[in-house]
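Q: model this:
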Amino acid sequence: MKKEDIVPGDWYRILFGETPVVFLVEILLRTILMYAILLIIVRMMGKRMGGQLTISDLAVMITLGAIVSPGMQMPQTGLLLCGMILVCALLFQRGLNFFEFKSERFEQATQGKLSVLVKNGVMQLEEMHRTKVSRQQIFSALRNNQIYNLGDVARVYLESCGLITIYRHPEAGAGLPLFPPGDEAISGFGQTSVENTLVCANCGKVPESQDRQQHCPVCNATQWGQASISISNQPSHAA
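A: Now for the predicted structure:
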């Protein structure tokens, strides 16, 4: 379109572009056909495409969106061409899955690998920095699983697909309470303070020494708080 053809207030051009009004009916038919083809292609790609997306799955979905859009909207683009490109995307995704199944190294290169974010009640700050996961994201995930103290946590894993997996300790241990700061009304919920026991407010490490002037043996911080322990690290059930 030439710049002299752009006239402010030209509602026909704004609403319908350069195509005739009847093309709206064709857009409806194109959309129905492309949607049906896309459903078939995604169904053939496997159940993972309908669940939590991995990196390669997300890349394929973005590619599919870019493929189907011109076929639905542009009159000069035929549906057969878009259909052929969708089939190519299907073959590429199937081939990628095949090589990921055959080679663990190739799978890690395309999907990433599992990361340990919390180990025995202590946050792994370097790994958190590498994976760009904040403390509050971990705390939120733990609270969402009814865990309110880092001492109750054996492991927190960040899966390659982005999910967070949590394993509890079988017994409660002293650690860092996970209540939001400043909410005094909830700060003691299900927790009791452990006398003469400090906890690093930066990583959750419980040191052997109780000197508040010491540096944390894990993260070298000097921010200390009072350690607490869960009264019960398992939710109670009515009899």
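Q: please count neighbours and contacts with C-alpha atoms only from this point.
A: Will do.
Q: buried set for stretch 64-74?
A: 64, 67-68, 71-73 (16 or more other Cα atoms under 10 Å).
Q: dump those to TSV, plus distance to residue 189.
A: Output for the buried residues of stretch 64-74, formatted as TSV (distance: Cα to Cα, whole Å):
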residue	distance to residue 189
64	48
67	53
68	52
71	57
72	56
73	57
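Q: among these, which are in strands?
A: Applying DSSP state E to these, no entry is found in strands.
Q: center of this protein - which residue?
A: Nearest to the geometric centre of the chain sits residue 162, at 4.0 Å (Cα atoms, centre = their mean).
Q: count of neighbours near residue 34?
A: 21 (other Cα atoms under 10 Å).
Q: please, which helix or strand holds it?
A: helix 23-45 (DSSP states H and E).
Q: need the residues that contact that helix.
A: For helix 23-45, contacts defined as Cα atoms under 8 Å, 6 or more residues apart in numbering pick out 49, 64, 68, 71-73, 79, 83, 86-87, 90, 93-94.
Q: from those residues, pick the one nearest residue 102.
A: residue 94 (12.5 Å; Cα to Cα).
Q: could you look up the SS state of the closest one?
A: Classification of residue 94 using DSSP: H, G, I helix; E, B strand; the rest coil returns helix.
Q: pull the number of nearby residues for it.
A: There are 15 residues near residue 94, going by other Cα under 10 Å.
Q: roughly how far apart are it and residue 101?
A: Between residue 94 and residue 101 the distance is 11 Å, computed by Cα to Cα, to the nearest Å.
Q: distance from the helix or strand hosting residue 193 to the middle of the chain?
A: Element membership of residue 193 [criterion: DSSP H and E] is strand 191-200. Strand 191-200 sits 33 Å away from the centroid of its parent chain (Cα atoms, centre = their mean, to the nearest Å).
Q: equivalent analysis for stretch 196-204, please.
A: 28 Å.
Q: buried residues of it, list them for me.
A: In terms of neighbour count (16+ other Cα under 10 Å), stretch 196-204 has its buried residues at 197-204.
Q: switch those residues over to CSV; also include distance to residue 24 and pLDDT.
A: Conversion of those to CSV gives the following (distance: Cα to Cα, whole Å; pLDDT from 0 to 100):
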residue, distance to residue 24, pLDDT
197, 72, 90
198, 69, 93
199, 66, 93
200, 64, 94
201, 61, 91
202, 59, 92
203, 59, 94
204, 61, 93
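Q: tell me the phi and psi of residue 177?
A: Per-residue torsions, residue 177: phi -70, psi 150 (degrees, to the nearest 10).
Q: residue 82: how many residues sit nearby?
A: If we define neighbours as other Cα under 10 Å, then residue 82 has 21 of them.
Q: going forward, begin numbering at 41 instead of 1
A: Sure thing, new numbering starts at 41, so read that last one as residue 122.
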